[in-house]
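**Student:** Need a 3D model of the sequence below.
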Amino acid sequence: MKKNNYFIGYIALIFLLTIFFINLFSPSLTFSTEENRNLASKPKLNLDSVLDGSYSSSYNKYLEDQFFNRTMWKSLKTNFEKNIGLKKIDNIYFGKDTRLIEETSIPSAKFLKRRINNLEKFLDYYKDLNIEFILVPNKIGIYNDEIGVKNRQREIYDNFIKNFDQKLFKVNCFDILSSHKNEYIYFNTDHHYTSLGAKYISESLYDKKDISYDKYIVNDSFYGTSAKKIAYYNKKDTLELYVPKEEVSYYLTYNNEEKEYTSIYDKSKQYSYNPYEIFFGGNKSIIDIRTTSPNEEKLLILKDSYANSFIPYILSNYREIIVVDPRYYYDDLNALIEDKQITNIMFYYSMNTFFEDTSLDDMLENIKEK
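**Tutor:** Numbers count the residues shown, from 1 in each chain. This is a model prediction of the structure:
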């Protein structure tokens, strides 16, 4: 019995030493394509960093990032923890059919006060324009019952809209998406909703239920950001596009560049790290879409990435659509609205981003008062 214990001990020691020397002599990597981020580099040793503890912290991060075949070990750890009954790893829950559900962002009272005050001023300033809000629940707002948690997103939404004229919220995305929750309206492994989910919202908002679409599958084998965050690769996702059979002509420019494009789809992103970026090639600071729609109204959308898959459905509704992402746009919003003669403004956000990102407030606070 003791010989067996010694043998197991030797094997374990050899294994640990092997991993140690592999890590020791493996070249340091600078970027992880799996996680789409820069990896920690080896920190420089000096007395000050040792004394204040920053060297130890940086070195531990370096070891974690540069560990040999770290994705494999992380995946083994995730699957082990799930198999022993853990319902959540980091901030990601395991739903039914390996659906990965990210936790809700809970806004602070200070954040809400700032957001409400800024929106009230904005709405008063542009009271002559048609303004509406589309706040799309994240997966947890639709599938909270799968993981046994309270629907905090619905609660946050209901409390928030009480501060405004509810005519600004023409559609309730919770009700729309909940009625289709058994369909493929959210990716299983990514934090975004699918083109189908966006289509249902557009149909309710613009009464487009009779429009016919051609359906294209552009990627049937990818893992989203949620899966990559915890290295859980047990189910792949499919990216589908729904293109109206009768589509208006249009052209667009990105970031005020002179080059014009004739498609909102960037095929170079079809099999990229994030296939969702097939819409416009990802987030841009500003996109200007000019169409041949007979409707002369001009729409400004202030948004996050959830709007990217929604916009293709509304091209026929406006002569021009200006898409601004406040996270990357730093120019004068007043001047943009006046120069483009905007008639309609839409706030289109996922709930988590709307209630955690401060860039929208930074933009609204720069609105000049009359």
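
**Student:** Going by C-alpha atoms from here, please, whenever you check contacts or count neighbours.
**Tutor:** Noted.

**Student:** Tell me where the longest strand sits in this structure.
**Tutor:** Secondary structure assigned by DSSP state E gives strand 213-222 as the longest strand of the chain.

**Student:** buried ones in that one?
**Tutor:** For strand 213-222, burial by neighbour count (16 or more other CA atoms under 10 Å) applies to N219, F222.

**Student:** other SSEs contacting that strand?
**Tutor:** Judged by 3 or more CA pairs under 8 Å, 6 or more residues apart in numbering; DSSP states H and E, strand 213-222 is in contact with strand 237-244.

**Student:** packing partners for the strand it packs on?
**Tutor:** helix 195-206, strand 213-222.

**Student:** Nearest to R319 among the ones you listed would be which one?
**Tutor:** Nearest of the helices and strands packed on strand 237-244 to R319, taken as CA to CA: helix 195-206 at 15.4 Å.

**Student:** model confidence over that closest one, on average?
**Tutor:** What helix 195-206 shows for mean pLDDT is 95.

**Student:** rewinding a little: relative to helix 195-206, how tilted is the longest strand of the chain?
**Tutor:** Angle, strand 213-222 to helix 195-206, by axes from the mean of the first three to the mean of the last three CA atoms, to 10 degrees: 150 degrees.

**Student:** next helix or strand past strand 213-222?
**Tutor:** helix 225-230 (DSSP states H and E).

**Student:** rewinding a little: mind putting the helices and strands packed on strand 237-244 into CSV with distance to N130?
**Tutor:** Shown next, in CSV, are these (distance: least, CA to CA, whole Å):
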stretch, distance to N130
helix 195-206, 14
strand 213-222, 28
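
**Student:** Domain parsing of this structure, as residue ranges.
**Tutor:** Following automatic domain parsing, the chain resolves into domains at 1-68, 98-364.

**Student:** Deepest-packed of these, please.
**Tutor:** domain 98-364 (a mean of 17; mean count of other CA atoms under 10 Å).

**Student:** Please state the offset of it from the chain centre?
**Tutor:** Relative to its parent chain, domain 98-364 has a centroid offset of 9 Å by CA atoms, centre = their mean, to the nearest Å.

**Student:** okay, how far is it across that domain, tip to tip?
**Tutor:** End-to-end span of domain 98-364 (CA to CA, to the nearest Å): 40 Å.

**Student:** and if you look at stretch 279-287?
**Tutor:** End-to-end for stretch 279-287, by CA to CA: 12 Å.

**Student:** Stretch 186-201 now?
**Tutor:** Across stretch 186-201, the terminal residues are separated by 13 Å (CA to CA).

**Student:** Walking through this structure, point out its strands one by one.
**Tutor:** Along the chain, counting by DSSP E, strands occupy 31-32, 37-38, 88-89, 92-94, 100-102, 130-136, 213-222, 237-244, 250-254, 286-291, 298-303, 320-324, 344-350.

**Student:** Between those strands, which one is closest to K74.
**Tutor:** Closest to K74 of the strands of the chain is strand 88-89 (CA to CA; 11.3 Å).

**Student:** Who does the closest one pair with, and is each partner parallel or antiparallel?
**Tutor:** strand 92-94 (antiparallel) (DSSP bridges).

**Student:** which residues touch the partner strand?
**Tutor:** K87, K88, L100, I101, E102, E103, I147, S226 (CA atoms under 8 Å, 6 or more residues apart in numbering).

**Student:** rerun at 7 Å
**Tutor:** Here strand 92-94 makes contact (CA atoms under 7 Å, 6 or more residues apart in numbering) with K87, K88, L100, I101, E102, E103, I147.

**Student:** Test for you: state the pLDDT assigned to the second one.
**Tutor:** Note on K88: pLDDT of 92.

**Student:** need the contact list for it.
**Tutor:** F94.

**Student:** what about it, distance to L100?
**Tutor:** 9 Å.

**Student:** pLDDT weak spots in the stretch 51-200 of the chain?
**Tutor:** Within the stretch 51-200 of the chain, the segments meeting pLDDT under 70 span 51-73.

**Student:** how about a cut-off of 90?
**Tutor:** The stretch 51-200 of the chain contains residues with pLDDT under 90 at 51-86, 90, 97-98, 105.

**Student:** That one: helices as residue ranges?
**Tutor:** Ranges of helices within the stretch 51-200 of the chain are 54-66, 70-83, 109-125, 139-142, 144-147, 152-161, 173-178, 195-206, based on DSSP state H, counting those that start in this stretch.

**Student:** so what secondary structure elements neighbour the last one?
**Tutor:** Right, the one you point to is helix 195-206. Judged by 3 or more CA pairs under 7 Å, 6 or more residues apart in numbering; DSSP states H and E, helix 195-206 is in contact with helix 173-178, strand 237-244.
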